[in-house]
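Participant: could you look at this predicted model? Sequence included:
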Amino acid sequence: MSSFRRAQQWATFSRVWHLIDLKWQNPYESAILIKKYLTGLWKPIFHPLNNCGDHVVVINSKEIALPGDEWYRRAYFHHRTYAGAKSWTLAWELHEADDTLIVQKAVYFALDKNLLRRQHMARLHIFPDEKIPPGIAANITNQIRPLRPVPTKYEEIPKEKQAQFPQLFDFPKDYVQGSNLWGKPDPERKAQPIRYPYKPFGHEP
Amino acid sequence: MIRALAVSLRGVAVVQKATVPIARNFSVSPWLGLKEIRETQDGNTLIIEGVNVKSPREDLVINTQNERGACSLCALGLDVKHTDILIIKQFLDHNAQLFPRNITGLCRWQHRKMKYLIEMATRAGLINQLLPQPVTVPAYQRGWRKFNSYYDESLIPESKSEYALRKNREFEEAYTLAKAEKDAHEEMLRARRAMRSTNGVKPVQLS
């Protein structure tokens, strides 16, 4: 056995620590990705009853993004087992109360419903921002690529890049910058006679 | 250097956002472009001249002229997303509104798509800087708006005529498939009936 294969086998049986940045990411799409590492699906020794999962460290869970109007459409149900003690919390209200709970629930829903689910969840470490405790940061050896690109706001783009960006059209010669009335119909234009007078069928003389 | 905007006599207070507010705006000619008034002192003579200002995007314009006369976005074949704000920004005027088609030269399809992209970018908070009145609501009153949200471009509704055409095409395909299936079934039934009537012996075709 070569030294590379030996190290590969050690890595297979060890618990690897992965890092993922959830800035501007959909937690429900990313949860499927996290599940692959959390349960050890990528390992050759994987079996649903085999406890071979890895650790996943999630950062920037405060800056997740939901599509469209899902912040106020998605509701989380909770029942305290008393009569009339059920509640529906909207996603933005839950996120306001706790920055990590939506990611945690998304991964919990994505995992298989078996006895290993709680043990897999125990290996998920969620942090609302980029600050990781040094004890956890020292273990990380791999970074998972996020699914969607992080958009840049207009004010974040440097001025030089804005000035050099290729343009798709040029203004007409007589265009007046800053006017609201360019291209609008003339308000003082008189009503023009209709060019083709209306002649309904069947009423010709 | 003074920048002056000439406007027509027809409109009173036409220009709401001139580059430099001047005492009075008047001209006898219909519309004049953006001009720059230059004063040069040459000995005892003072020369004042108005020069047409060069468009800022003159050197940056891509040549998208083509034989078919397609618009610039169609000719380039760009798949514009609502996060491509440097492309979207070119189609916005000083009030962050979409320019009319006689300025941009877009086709109806792209113009309609651009309307939706601007709305998406505005809601995602990517072009807050360009809006005439930036959002100044405090965070505790903003509710869900203080969190990030993104939008899906494939959900932009199509125009009615395109939708009808697509539905028609889908119906025709399904109809031809179902008809072929039905014909094959009937053919099979007819063959079986013929077999039964001849008591298991294949009918001989007499010419």
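Facilitator: Here it is on my side, so go on.
Participant: helices along chain A, start to end?
Facilitator: A:3-13, A:27-38, A:70-73, A:91-97, A:101-110, A:117-122, A:134-137, A:159-164 (DSSP state H).
Participant: and the nearest residue to B:Leu131 once chain neighbours are set aside, what is it in contact with?
Facilitator: In space, and not counting its chain neighbours, B:Leu131 is closest to B:Ala96: 5.0 Å by CB to CB, 6 or more residues apart in numbering or on different chains. Glycine gets a C-beta too; all of them are placed from N, C-alpha and C. Going by CB atoms under 8 Å, 6 or more residues apart in numbering or on different chains, B:Ala96 touches B:118, B:122, B:127, B:130-132.
Participant: ok, now A:Ile59?
Facilitator: A:19-22, A:127, A:129-130, A:132.
Participant: how does it look with 10 Å?
Facilitator: When contacts are counted by CB atoms under 10 Å, 6 or more residues apart in numbering or on different chains, A:Ile59 touches A:19-23, A:125-132, A:137.
Participant: for A:Arg117, same thing?
Facilitator: A:Arg117 makes contacts with A:38-39, A:107-108, A:111, as judged by CB under 10 Å, 6+ apart.
Participant: could you flag which of these are buried?
Facilitator: Applying 16 or more other CB atoms under 10 Å in any protein chain shown to the contacts of A:Arg117, the neighbour count classes A:38-39, A:107, A:111 as buried.
Participant: I'd like to know which of those is nearest to A:Glu29.
Facilitator: A:Val107 (11.6 Å; CB to CB).
Participant: excluding chain neighbours, what is closest to the closest one?
Facilitator: Here the residue nearest A:Val107, using CB to CB, 6+ apart, is A:Ala31, at 4.6 Å.
Participant: over to B:Met195?
Facilitator: B:Lys202 (7.2 Å).
Participant: what's the answer for A:Gln104, then?
Facilitator: A:Ile126 (6.0 Å).
Participant: can you check A:Tyr76 too?
Facilitator: Closest to A:Tyr76 by CB to CB, 6+ apart is A:Thr89, at 4.8 Å.
Participant: ok, the one you found - contacts?
Facilitator: Counting by CB under 10 Å, 6+ apart, A:Thr89 has contacts A:74-78, A:95-97, A:101.
Participant: which residues sit against the lowest-mean-pLDDT helix or strand in chain A?
Facilitator: Every helix and strand in chain A was compared by mean pLDDT, DSSP states H and E; the lowest is helix A:3-13, with a mean of 88. For helix A:3-13, the surrounding residues in contact (CB under 10 Å, 6+ apart) are A:1-2, A:40, A:42-46, A:52, A:141.
Participant: make a markdown table out of those and add neighbour count.
Facilitator: Output for these, formatted as a markdown table (neighbours: other CB atoms under 10 Å in any protein chain shown):
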| residue | neighbour count |
| --- | --- |
| A:Met1 | 7 |
| A:Ser2 | 7 |
| A:Gly40 | 21 |
| A:Trp42 | 11 |
| A:Lys43 | 17 |
| A:Pro44 | 9 |
| A:Ile45 | 10 |
| A:Phe46 | 14 |
| A:Cys52 | 17 |
| A:Thr141 | 12 |
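Participant: looking at those residues, spot the one nearest B:Arg190.
Facilitator: A:Phe46 (56.2 Å).
Participant: pull the number of nearby residues for A:Leu94.
Facilitator: 18 (other CB atoms under 10 Å in any protein chain shown).
Participant: hmm, it is touching A:Arg74, no?
Facilitator: Yes. Counting by CB atoms under 10 Å, A:Leu94 touches A:Arg74, with 8.9 Å between them.
Participant: overlap in contacts of those two?
Facilitator: With CB under 10 Å, 6+ apart, A:Leu94 and A:Arg74 have common neighbours A:Ile102.
Participant: what's the lengthiest helix in chain B packed up against?
Facilitator: The helix spanning the most residues in chain B, taking DSSP H as the definition, is helix B:160-197. Helices and strands touching helix B:160-197, as assessed by 3 or more CB pairs under 10 Å, 6 or more residues apart in numbering or on different chains; DSSP states H and E, are absent.
Participant: check the buried ones among the contacts of A:Arg117 and tell me the two furthest apart.
Facilitator: A:Thr39 and A:Val107 (10.6 Å).
Participant: what touches both of these two?
Facilitator: A:117, A:120.
Participant: where does chain A have low pLDDT?
Facilitator: Where chain A drops to pLDDT under 70, the residues are A:174, A:176-186, A:192-205.
Participant: the closest residue to A:Lys153 other than its chain neighbours: neighbour count?
Facilitator: Leaving aside its chain neighbours, A:Lys153 sits nearest to B:Leu126 (5.2 Å; criterion: CB to CB, 6+ apart). If you count neighbours by other CB under 10 Å, B:Leu126 ends up with 23.
Participant: which ones are touching B:Leu126?
Facilitator: B:Leu126 neighbours (CB under 10 Å, 6+ apart): A:151-156, B:82-85, B:88-89, B:120, B:150.
Participant: mind doing that once more with 6 Å?
Facilitator: A:151, A:153, B:85 (CB atoms under 6 Å, 6 or more residues apart in numbering or on different chains).
Participant: sec struct for B:Ser149, please.
Facilitator: strand (DSSP: H, G, I helix; E, B strand; the rest coil).
Participant: show the pLDDT at it.
Facilitator: At B:Ser149, the model reports a pLDDT of 95.
Participant: what is the burial count for the residue nearest to B:Pro134 when sequence neighbours are not counted?
Facilitator: Distance criterion CB to CB, 6+ apart; nearest residue to B:Pro134, sequence neighbours excluded, is B:Asn128 at 5.7 Å. Using other CB under 10 Å, B:Asn128 has 15 other residues around it.
Participant: and B:Asn128, what pLDDT?
Facilitator: At B:Asn128, pLDDT is 88.
Participant: can you give me the strands in chain B?
Facilitator: B:2-4, B:35-42, B:45-52, B:148-150 (DSSP state E).
Participant: so which of those strands is nearest chain A?
Facilitator: Proximity to chain A (CB to the nearest CB) singles out strand B:148-150 among the strands of chain B, at 3.7 Å.
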